[in-house]
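A.B. asks: Pasted the sequence and its predicted model underneath.
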Amino acid sequence: MMASCPVCNKYNFEEDFDLCPICLWQHDRIQENEPHFAGGANDLSLNQFRAEWLRQNAISVSKKTAYQPA
C-alpha cells in the first residue's frame, strides 16, 4: 500500500519506515495516526516536523524571491 508523504506530499512511500528523499520524514504509521506523538521513527512529532519543514521552505522561498536583479 503506497502512502503519500504527510509532510511534503511529494513522495509516495512503498513500505513502512521508508525515508522521504525530499523532506527526510521517515514513514511511521503510528506518528501519522497520532501526529502529536514524538519519539517514534522520527525524533519530532509529525506536527513539529511539518511546522519545521514549512518554516524552512518559507525561508528558502523568501531568499529566492528577495533579490530581484535590475
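C.D. replies: Everything's here; your move.

A.B. asks: List the residues that contact the residue nearest to Gln26 when sequence neighbours are not counted.
C.D. replies: Of all residues beyond its chain neighbours, the one nearest Gln26 is Ala41 (4.2 Å), with distances taken as CB to CB, 6 or more residues apart in numbering. All C-beta spots, glycine's among them, are computed from the backbone N, C-alpha and C. Ala41 makes contact with Phe17, Gln26, His27, Asp28, Gln31 under the criterion CB atoms under 8 Å, 6 or more residues apart in numbering.

A.B. asks: Of these, just the buried ones, PyMOL syntax please.
C.D. replies: Selecting just the buried residues from these in PyMOL takes one command, with 16 or more other CB atoms under 10 Å as the test:
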select buried, resi 26+27+28+31
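
A.B. asks: nearest to Leu54, of the contacts of Ala41?
C.D. replies: Relative to Leu54, the closest of these is Gln31; by CB to CB it sits at 17.1 Å.

A.B. asks: show me where this structure has helices.
C.D. replies: Defined through DSSP state H, the helices belonging to the chain, from first to last, are 29-33, 46-66.

A.B. asks: Can you give me the end-to-end span of stretch 27-39?
C.D. replies: From the first residue to the last, stretch 27-39 extends over 13 Å; the measure is CA to CA, to the nearest Å.

A.B. asks: just how off-centre is it within its chain?
C.D. replies: 12 Å (CA atoms, centre = their mean, to the nearest Å).
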